[in-house]
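Chemist: Sequence first, then the predicted structure, then my questions.
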Amino acid sequence: MSSSEDGGRAKRKAKAASLVPSRNRLPISNERKNIIAAVQKARALVIVGETGSGKTTQLPQFLFECGLAKKGMIAITQPRRVAASSIARRVAEEMGVKLGNEVGYSVRFDDKTTQSTKIKYMTDGMLLRELLSDKLLSKYSVIILDEAHERTLRTDVLFGMVKAIQKVRSDLKIIVMSATLDAARFAEYFDGAETLYIPGRQFPVRVYNAIERQEDYVDAALVATFQIHVDEDPGDILVFLTGQEEIETVEKLLKEHMHELPPNASQLLICPLFASQPAAQQQKVFAPAPPNTRKVILSTNVAETSITISGIRYIVDTGMAKVRAFNPKLGIESLAVVPISKASALQRLGRAGREAPGVCYRLYTEDGFSSLANVSEPEILRCNLANVLLTLKASGVENIMEFDFLDRPPRASLIRALEHLFALRALNSKGELTPEGHKMAGFPVDPSLAKVLIHSKALNCTAEVISIISMLSVETVFFSPHDKREAANEAKRKFVSHDGDHITLLNVMRGYQAVSGDKDWCIQNYINGRAIKNAMDIRNQLASFCEQGGISPTASAGSEVEPILQCFLQGFFQNIASLQMDGSYQTFSGKQVCHIHPSSVLFQKRMPLIMYHELVQTSRQYVRNVSSISLPWLQNTGSHYFNAANSSA
Ligand SMILES: Nc1ncnc2c1ncn2[C@@H]1O[C@H](COP(=O)(O)OP(=O)(O)OP(=O)(O)O)[C@@H](O)[C@H]1O
């Protein structure tokens, strides 16, 4: 071994030793013996503990130390990738090992594990994907479903899968961890599993509520941030907002008003955090602020659970979150900003008080808090199920209707999702997985997009398809400031295709690639540099995924447009609408009246027939990301679906 490796190891050990006292002070440390005894005895266990008590970082280490990883790895699932990667990093530090050795993580497109990995933090989605190739999860001896109270769709599905696996594998241990007291539900599901409570939190967090209702929570968040900065002791601030656009608005406003701060105030460093950012950008929020600088993290609820961001002393909680819902009867997604639940508010508060006492400013009144629902509605009851049902089918679950769900999704949602998979030919008329469905399940995107990717090989347009999919995966790349709207529109005209948004997005990506991602080009063209960089990152990942799947990512249709739109139609033939006399549109399936969204390049254009990426309900029913298509193209797509639909009508 080289001396530099020796040096690295010594440094890691020294760092680990320095963390021991604070680890020993965590509430969970007192329970170490009880927990180990309970895990050794039981096959399933529920552990409930307050935020910051040490569940996520310490429990896997306890199990590792008592030898439970000898016969297989310990998996710990997290709803979000930023949590999986940052916690693995911390635990590697605590154990004095290199990340990827004994402790690793696996999130979509990023796997930091090796043959020596024993403790593996992963997103719930990744563990579901592993089921495709290892139906009994035979690599694992313990599966810990963390943050179970969040009730994400994928964790909920994992509940059913691990319970079924345990019937075959009596050696598998299952631990459910939750921060809320509604644990009885989980214990009952696992046939009366024992529940352990870990009392206490580490440091107190003082709560201040707004005295009166705030009309504009964005404005209130801005004021609160500046007030903390001017009046309060050093310490970083974490502000909870609802989405990327809102975060960028607040970032801009904070920067604009910074010069009004008193001359002796320290600097502000603003760090945005949201789900569609690339991993490297998300990691930036964990870097300590430079001297004499206060860090302000503007985050969606991705920072709500699991993570510890060192330095955070102040929380600003707007009390709102953006939630997606799905109407299975109409096939409409809606996106609404709604009040959070009490459980979410406690999680938000719990991001402080982890290394020192903290303060949480709630921008809603005490009565407002009392009126919040106790917990958020489980995602499985309100979302589109096509993606997970395809994964379940590909993991060997034959009868979805009889699957042991913790909370059974509405029948209409299940049927809608199965019909959608049948329409895409992922399932045959008996509901069995087809070879194409199997292939589709292998792609880490929604089934419709997987279908488009697979079909791009035959139509020789994979390069264009992955560009468009990556652009559709981020929030808009067009930057349109209020005071420069005309100039921004003028800049956008260069990219506009009369075929619609898909090709327009492709033109932007082509322009960006031609200048190798030049920042000045983005500024001149009113393109959001951060958003298009994210899209580029996703594009690279999709390209390597296609390569692995035997699809050349460089196959190009050149200047031809038709093959590209026809290719999208293979996955989106259910998303078609025709022009009505009054200028509105009507969808083919569902006969819904809708309008082209103002952000579309086809807004106010009267196209006889359109294909849309999504139908959303906001102030009215809008279709977004729209292209003009021609009727004969439909003959090559989904005719079995239309025939079945007509005959049943
Ligand atoms: N990256 C980090 N930097 C500094 N301290 C950390 C870090 N990660 C964890 N800690 C310390 O370990 C404590 C326990 O964290 P852990 O994530 O295990 O808690 P938890 O009980 O799972 O809480 P939650 O469910 O709220 O995430 C934190 O409160 C903090 O004191």
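Modeler: Noted; the coordinates are in hand.

Chemist: Name the nearest residue to Thr77, ignoring sequence neighbours.
Modeler: Of all residues not flanking Thr77 in the chain, Asp124 sits nearest, at 4.4 Å (Cβ to Cβ, 6 or more residues apart in numbering). All C-beta spots, glycine's among them, are computed from the backbone N, C-alpha and C.

Chemist: isn't Ser53 right next to Ile198, touching?
Modeler: Yes: counting by Cβ atoms under 8 Å, Ser53 does reach Ile198; the two are 4.9 Å apart.

Chemist: any idea how far Leu424 is from Ala164?
Modeler: Going from Leu424 to Ala164 by Cβ to Cβ, to the nearest Å gives 26 Å.

Chemist: try Ala17
Modeler: Noted for Ala17: a distance of 43 Å to Ala164, by Cβ to Cβ.

Chemist: Tell me which of the two has more neighbours.
Modeler: A direct count of neighbours by other Cβ atoms under 10 Å for Ala17 and Ala164 places Ala164 higher, at 17 against 10.

Chemist: From the structure, what's the count of residues near the closest residue to Leu196 other than its chain neighbours?
Modeler: With Cβ to Cβ, 6+ apart as the criterion, Leu196 has its nearest non-adjacent residue at 5.0 Å, and that residue is Ile47. Ile47 has 26 neighbours, counted by other Cβ under 10 Å.

Chemist: What of Leu453?
Modeler: Look at Leu453: counted by other Cβ under 10 Å, it has 26 neighbours.

Chemist: Pull the distance from the helix or strand where it lies to the chain's centre.
Modeler: Here Leu453 is covered by helix 447-458, with elements defined by DSSP states H and E. Distance of helix 447-458 from its chain centroid, counting by Cα atoms, centre = their mean, to the nearest Å, is 22 Å.

Chemist: Then stretch 346-362?
Modeler: 23 Å.

Chemist: Now look at that stretch and say if it contacts the ligand.
Modeler: Yes: under the criterion of Cβ under 6 Å from any ligand atom, the ligand is reached by stretch 346-362 at Gly350, Arg354, Glu355.

Chemist: end to end, how far does that stretch reach?
Modeler: With Cα to Cα, to the nearest Å as the measure, stretch 346-362 spans 11 Å from end to end.

Chemist: what do Ser53 and Ile198 both touch?
Modeler: Counting by Cβ atoms under 8 Å, 6 or more residues apart in numbering, the shared contacts of Ser53 and Ile198 are Pro27, Ile28.

Chemist: Could I get the full set of strands for the stretch 301-450 of the chain?
Modeler: 312-317, 320-327, 332-339, 358-362 (DSSP state E, counting those that start in this stretch).

Chemist: which parts of this protein sit against the ligand?
Modeler: So far as Cβ under 6 Å from any ligand atom goes, the chain lies against the ligand at 26, 49, 51-58, 90, 179, 202, 305-306, 308, 310, 350, 354-355.

Chemist: From Lys322, how far out is the most centrally placed residue in the chain?
Modeler: In the chain, the residue lying closest to the centroid (Cα atoms, centre = their mean) is Ala275, at 5.2 Å. Distance, Ala275 to Lys322, by Cβ to Cβ: 11 Å.

Chemist: Name the residues contacting each of the two.
Modeler: Common neighbours of Ala275 and Lys322 (Cβ under 8 Å, 6+ apart) are Thr300.
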